[in-house]
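Undergrad: below are the sequence and a predicted model for it; my questions follow.
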Amino acid sequence: MSKILITGANGFIGSFLVEEALLQKHDVYAGVRKTSNLNHLNSSEIQVLPLDLSDPTSLRQKWTELKSVIARFDYVIHNAGVTQVVNPDDFDRVNNRYTQNLLQSLVDADFAPQKFILMSSLAAMGPGNEENLAPIEPIDTPKPITNYGRSKLKVEQYLSTQQYVPYLIFRPTAVYGPREKDFLSLFKAINRHIAPYISSPNQRLSFIYVKDLARLLITSTISSESNKAFFVSDGYTYTCKQLVDISKKTLDKWTMPIVIPKPIVKVLALLLEKIAQARHQTSVLNSDKYKELSSLNWSCNSKETEKAFNFAPKYNLENGIKESIQWYKKNNCL
């Protein structure tokens, strides 16, 4: 039985990675912070492993202690990271430097895995062409537009230059499914008969259902692929209007479209960000989020991923949203 470490295991994507790893009969070590909520890690098969990724010394000590129990992890999926911060510098500190701490500590302790898998993001590439609306291609030059995207690109570059461990990088598009919060906000708006758009209902988008993403990453551990980055989507391109139409059909709600001009959203994002920073809190709508929401093209070509891993997504946006909404209703979120 292969031993796999999954960091950020208690979060939205991480908890599904753990569930899929158990389904695929891996021996699962769930890397979490000491203060993490473990509600979604309730299987007795999971071995919870508190980690401080900010401290390379404590990490090396942890691996040295584990050597008396296991030879090493066969695979490490590094999913831990931040998408919202108070101080923009924290994106680089957590997403980039903490990743380097993790990998280097494994190497220094002679505990390096057979393969290191990084959960990156399409944000590391930046949006696609807004004139011809062509999908983003794997060969395109990365041009991230947010601090989050730049931190992901930076750690990708680190991985591609290190010579110690074979790696895979996955750049998922917008990930949705049970337990996720951004889509829940949209569903709540539609429940109130509001269909919000920023600038244009024709914004091009791509999506991946969290269960499909988890299945791909866990399966990738035993693939022959290495030292390469891959996009992840369900293979389709949608418009923002299609997203709203599918959601309101599933919720059985009529909606009034509200197109919010970019300048208004930009000012509101900056204002909310400043207020949140003064309170030492994060804001869902901030300057980085505005840049993402106002970009017209977030579609990507993921055919290379499908071919390399024999990956066929089981969910398109319609059945993914249907299952998500059923979960939100069952858990009294909607």
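TA: Cool, got the structure. Numbers count the residues shown, from 1 in each chain.
Undergrad: distance between the ends of stretch 30-38?
TA: End-to-end distance for stretch 30-38: 10 Å, by Cα to Cα, to the nearest Å.
Undergrad: any residues touching it, and which ones?
TA: Contacts with stretch 30-38, where a contact means Cβ atoms under 8 Å, 6 or more residues apart in numbering, come from 5-10, 14, 18, 41, 46-52, 80. Using the backbone N, CA and C atoms, a C-beta is placed for each residue, glycine as well.
Undergrad: which residues touch Y29?
TA: Going by Cβ under 8 Å, 6+ apart, Y29 touches 3-6, 47, 49, 73.
Undergrad: three-state assignment of Y158?
TA: With DSSP: H, G, I helix; E, B strand; the rest coil as the basis, Y158 sits in helix.
Undergrad: what about the closest residue to it other than its chain neighbours, how many residues close to it?
TA: Distance criterion Cβ to Cβ, 6 or more residues apart in numbering; nearest residue to Y158, sequence neighbours excluded, is Q100 at 5.8 Å. Residues near Q100, counting by other Cβ atoms under 10 Å, number 16.
Undergrad: give the helix, strand or coil label for Q100.
TA: With three-state DSSP as the basis, Q100 sits in helix.
Undergrad: need the pLDDT of it.
TA: Per-residue confidence (pLDDT) for Q100: 97.
Undergrad: returning to what we had before: in ChimeraX, select just the buried ones from the contacts of stretch 30-38.
TA: Entered in ChimeraX, the line below selects the buried ones among the contacts of stretch 30-38, by 16 or more other Cβ atoms under 10 Å:
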select :5,6,7,8,9,10,14,18,41,46,49,51,80
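Undergrad: in strands, which of the contacts of stretch 30-38 fall?
TA: Within those, residues falling in strands by DSSP state E are 5-7, 47-50.
Undergrad: hmm, back to that, return the member of the contacts of Y29 nearest to D140.
TA: I6 (29.4 Å; Cβ to Cβ).
Undergrad: for the closest one, list each beta-bridge partner.
TA: A30, I77 (DSSP bridges).
Undergrad: what's near enough to touch it?
TA: If you count contacts by Cβ under 8 Å, 6+ apart, then I6 has 14, 17-18, 21, 28-31, 76-77, 79 around it.
Undergrad: most neighbours among those, which one?
TA: Using other Cβ under 10 Å as the neighbour criterion, I77 leads those with 31 neighbours.
Undergrad: that one reaches L17, doesn't it?
TA: Yes - judged on Cβ atoms under 8 Å, I77 makes contact with L17 at a distance of 6.1 Å.
Undergrad: hey, what's in contact with both of those two?
TA: Joint contacts of I77 and L17 (Cβ under 8 Å, 6+ apart) are 6, 217-218.
Undergrad: turn those into CSV, including pLDDT.
TA: Formatted as CSV, the shared contacts of I77 and L17 follow (pLDDT from 0 to 100):
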residue, pLDDT
I6, 98
L217, 98
I218, 98
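Undergrad: for T282, what are its contacts?
TA: T282 is in contact with 84-86, 276, counting by Cβ under 8 Å, 6+ apart.
Undergrad: avg pLDDT for stretch 190-200?
TA: 89.
Undergrad: what's the answer for stretch 136-147, then?
TA: Taken as a whole, stretch 136-147 has a mean pLDDT of 97.
Undergrad: now that stretch: buried residues?
TA: For stretch 136-147, the neighbour count (16+ other Cβ under 10 Å) marks 136, 138, 142, 144-147 as buried.
Undergrad: just the buried residues of the longest helix belonging to the chain, please?
TA: Counting by DSSP state H, the longest helix found in the chain is helix 262-278. By neighbour count on 16+ other Cβ under 10 Å, the buried set for helix 262-278 is 265-266, 269, 272-273, 276-277.
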